[in-house]
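[1] My questions are about this predicted structure, shown below with the sequence.
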Amino acid sequence: MPEYKIIMPSRPRVVLEEGNKGVFEIDGLYPGYGHTLGNSLRRIILSSLSGASITSIKIDGVSHEFQTMDGIKEDVIVIILNLKKTCFKMISDEPQMVALSIKGPKEVLARDIKTGGQVEILNPELHIAEVTGKVNLNIEMKIEKGLGFISKEAFQKEKVDVGTIAVDAIFSPIRRVAYEVENMRVGDKTNHNRLRISIETDGTLTAREALSVSIEIMINQLKAIIDFKEPEELPTEVGVSTKVGKDKEEETEDKKPARHASQGDAGGGGDFVDVLKTRADSLDLSTRTLNALTAANIRTLGGLARKKREDLLEIEGIGEKGVAEIKKVFNKFGLNLKE
């Protein structure tokens, strides 16, 4: 009798680990699944791993990136490009300010950047600029955590000081990722797949960590859509029934639960239920906070209202500043953040 059961693949096996490079293999994949998993993991690795990057730069005496400076070999745009090559590793989720203050003549390297205790530079020998004259070079930089790529136009929407130059931010810690699929024998069949994944990082995390986190992200995404209908769980603290759909329509006015004090003036009954269905990407939140909520699978105001303050602080990318943003949004809808 033919076998209809799809076999499970092996756990990832380390083929090579050298510095920030790694090669891993997964054996015994069902025919065709090598490309299915390989392409999915590659896209997740490239787009969904968090990292740190410079988001804005302020140079004394400089008003825009196309300017030149006396006594410095490089022009401003070259200095900015060199600074963007610096690999930062952040301990804190909050944005950090770092500074560079040099008196020439001197070759400026990444190790000359004063970072404090929350930021580490992983390529300290990187060339930044060459000060050829007896002039001072003073630069302030803002370092933030994020996902993927964010253009400078997104940062320019927020208020910035005069002379501050917003820059494109590449948060991804991945330099290169590729995969190969080859056939292998499993029992009597020779058309099963072996998946080989090659990963190179910038050093802020290892290739093994990058693969492990990407697999976890994929599993969590699939868990979220395992059922065709996603249950609409609404926060009980705001006194709204968790039944949505047919049950809600059958509910009579006199049986509707009284609103909790934390609900404020958000309205009652069905109107309030509709409010809680408001998508997170339509709320007045910064790009950083919205990306963090999306990564945590929080997509509606109702999902956000279920979280306590301490739960939000545990989400990577949301600190006190993010909590303050969320509180401000809650106030607009007459909600209070659970402490």
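    Ah, there it is.

[2] Give me the three-state assignment for the residue lying closest to Ala169 once chain neighbours are set aside.
    Among residues not flanking Ala169 along the chain, Ser53 sits closest, at 4.1 Å (Cβ to Cβ, 6 or more residues apart in numbering). For every residue, glycine as well, the C-beta is placed using N, CA and C. Taken by DSSP: H, G, I helix; E, B strand; the rest coil, the conformation at Ser53 corresponds to strand.

[3] count of neighbours near Ser53?
    23 (other Cβ atoms under 10 Å).

[4] beta partners of it?
    Following DSSP bridges, Ser53 is listed with bridge partners Glu144.

[5] ok now do it, which residues does it touch?
    The neighbourhood of Ser53, defined by Cβ atoms under 8 Å, 6 or more residues apart in numbering, consists of Lys84, Phe88, Ile143, Glu144, Gly146, Ala169, Ile170, Phe171.

[6] What of Val213?
    Contacts of Val213 by Cβ under 8 Å, 6+ apart are Leu49, Leu205.

[7] Next: Val181.
    Gly34, His35, Gly38, Asn193, Arg194, Leu195, Arg196.

[8] Turn these into TSV, including pLDDT.
    Output for the contacts of Val181, formatted as TSV (pLDDT from 0 to 100):
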residue	pLDDT
Gly34	94
His35	95
Gly38	95
Asn193	95
Arg194	95
Leu195	96
Arg196	97
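
[9] Report the buried members of these.
    Neighbour counting over the contacts of Val181 (16 or more other Cβ atoms under 10 Å) leaves Gly34, Gly38, Asn193, Arg194, Leu195, Arg196 as the buried ones.

[10] mind giving me TSV with those and columns for distance to Ala296?
    Shown next, in TSV, are the buried ones among the contacts of Val181 (distance: Cβ to Cβ, whole Å):
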residue	distance to Ala296
Gly34	30
Gly38	26
Asn193	32
Arg194	34
Leu195	28
Arg196	31
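
[11] Tell me which of those residues fall in strands.
    By the criterion of DSSP state E, membership of the buried ones among the contacts of Val181 in strands covers Asn193, Arg194, Leu195, Arg196.

[12] isn't Glu182 right up against Thr190?
    No. Applying Cβ atoms under 8 Å as the test, Glu182 and Thr190 come out as separate, 11.1 Å apart.

[13] just to revisit the earlier point, and which of the ones in strands among the buried ones among the contacts of Val181 is nearest Ile77?
    Nearest to Ile77 among these: Arg196, at 39.7 Å, using Cβ to Cβ.

[14] got a list of what the closest one touches?
    So Arg196 contacts Val15, Val23, Phe24, Glu25, Tyr179, Glu180, Val181, Glu182 (Cβ under 8 Å, 6+ apart).
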